[in-house]
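Trainee: Everything below, folded, please.
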Amino acid sequence: MITVRVRGPAGTTTLRLEDTAVARDLVEAIARETGVSAGAQEVKFGRPLKTVDLSSADTPIKALGIASGEVLVVASVAGVSTPARPAPATNGPASSAPKPAPAPAPAPVARPASERHADGRTGQARPLGGSEPSERPAPTRVTARFGDQHLILRRVPDDNSCLFHAAALVLTPGVTDGATKLRRIVADAILADPVTYSEAVLGQPPDAYAKKMAGPNAWGGAIELAILSDHAQTEIDSVDIKSGRIDRFGEGRWPSRVLLVYAGIHYDALTASFVAESDAQWPYRDDALAFDVLSFDASDDSVLIAAQAIADQLRKAHAYTDTATFTLKCGDCGKGLTGEKAALEHAKLTGHASFTEYS
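Mentor: Numbering: from 1, shown residues only. So this is what the prediction gives:
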C-alpha cells in the first residue's frame, strides 16, 4: 500500500493506493478527493517542488519517484473551481475566490531602538504593533495571484528583530533561533571587513556597530540586507509599501531571489503557496510552510508584479508608517518632534537616543 498526503485548493487529504498503482489511478484518486479534474491537475512534490509527469497513464507510481509518506501539492491549471471541502468534481461554472481583506494598520506602541532603512536612511523610528506576537492583531490574509500560485504576506513579530525574522523565514527555514544567527553573520561580516564597513559608512566604529547588531535590540536595514544577500548568495528584494519601490540587494549577482515587505519601520516576508487560504501565522510551526515556495527565479519578474500588488493592498489600508510625518517624543527630555529628520537633528544636537512614537 502506498500512502501519500495531498495538499490541494480545498485543503489536505490522504490517499491510499495499491503498490501496483499507475499514474491513471493517482489522477483519478486526486480528482475524487480534491475536486480538481484529471485534465486540470498539476501535481508537484519534493523540495524544491518538481512537477510530476502524468502524461503516460500506465506509468507505475513508484517509477515517478512517489513513495509512501510523500506530500503531493495539487493545483488546478485550467481554472477549474474546487469546493470548500473535498467532493467529486462537477461540471458547474468556475467560481472566483473572494477578494482578500486588506490588513488593518496596528496601533502605535513605543519602541526603544534605532533603525537603518531599506534605502539607506537612518533614524530613531518606532515600529507599529506589540513587542510580543500575542499583542499583534489577528493576521488578515493578504495575497496576490501570479501564475498558478498565490504570493502571501507572512507576518513576523515587532520585537526589534523583524528584518532578521523575515529574512530567516525565507533564507534559513526551520533553523532554530534563525534571527539571532543572522545577526551574528552580519556582525562577523562587519568585523571581517572594516574597510568596506568603515565608520563613515556605519556612522560609528565598526566594532561598536557590530556589537550592537549582534544584540537583540538593534534594527537592521540596507547594510544588513546587503550582507545577508552576499552570505546566502541570493538576491533579497524589499518592497516598500508606501512608494511601491523595490530595493534589490545582490541584483544581477545571484540566480534566485527572496522577498520582503517594508512598512516604513517594519519588515515582513513573502512566500508563495498553491493554496490561497493558507492560515499559517507566527509563530510558524516547523511544517507550517514546508511546501511554500520561499525563493524565486531572479530572472522572472512576474513575482515582483505580485509583490507590488500586495504592497498596493497594504497601502490602500494605510498599513505603513510615514516616517516623514509621524510624531515622536524624546524619552530623555520630553520634547515633541515630527518626522525622522527632526529626530535625527535633535539626536545630533543633544545626544539623546530614546524616542517614542505616539498619536
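
Trainee: C-terminal to the lowest-mean-pLDDT helix or strand in the chain, which secondary structure element comes first?
Mentor: Ranked by mean pLDDT, DSSP states H and E, the weakest helix or strand in the chain is strand 122-123, scoring a mean of 34. Where DSSP states H and E defines the elements, the next helix or strand beyond strand 122-123 is strand 143-146.

Trainee: strands paired with that next one, and their directions?
Mentor: strand 149-154 (antiparallel) (DSSP bridges).

Trainee: Pull the residues that contact the helix or strand following the partner strand.
Mentor: Downstream of strand 149-154, the first helix or strand assigned by DSSP H and E is helix 162-171. Applying C-beta atoms under 8 Å, 6 or more residues apart in numbering, the set of residues contacting helix 162-171 from outside is 127, 154, 156-157, 159, 175, 178-183, 219-221, 224-225, 228, 232, 234, 236, 258-260, 266-271, 284, 289, 294-295. (Glycine included, C-beta is placed from N, CA and C.)

Trainee: Going through those residues, which ones are buried?
Mentor: 127, 154, 156-157, 159, 178-179, 182-183, 219-221, 224-225, 228, 232, 234, 236, 258-260, 266-271, 284, 289, 294-295 (16 or more other C-beta atoms under 10 Å).

Trainee: Would you mind writing the CA trace of the one helix or strand residue 226 maps to as PDB?
Mentor: Assessed by DSSP H and E, residue 226 sits inside helix 222-232. Taking Å, rounded to 0.1, in the frame of the first residue of the first chain, the C-alpha atoms of helix 222-232 are listed here in PDB:
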ATOM      1  CA  ALA A 222      20.200  48.300   3.800                       C
ATOM      2  CA  ILE A 223      23.600  47.300   5.200                       C
ATOM      3  CA  GLU A 224      22.300  44.200   6.800                       C
ATOM      4  CA  LEU A 225      20.300  43.100   3.700                       C
ATOM      5  CA  ALA A 226      23.300  43.500   1.500                       C
ATOM      6  CA  ILE A 227      25.400  41.400   3.800                       C
ATOM      7  CA  LEU A 228      22.800  38.700   4.100                       C
ATOM      8  CA  SER A 229      22.400  38.600   0.300                       C
ATOM      9  CA  ASP A 230      26.100  38.000  -0.100                       C
ATOM     10  CA  HIS A 231      26.100  35.400   2.600                       C
ATOM     11  CA  ALA A 232      23.200  33.400   1.200                       C
END
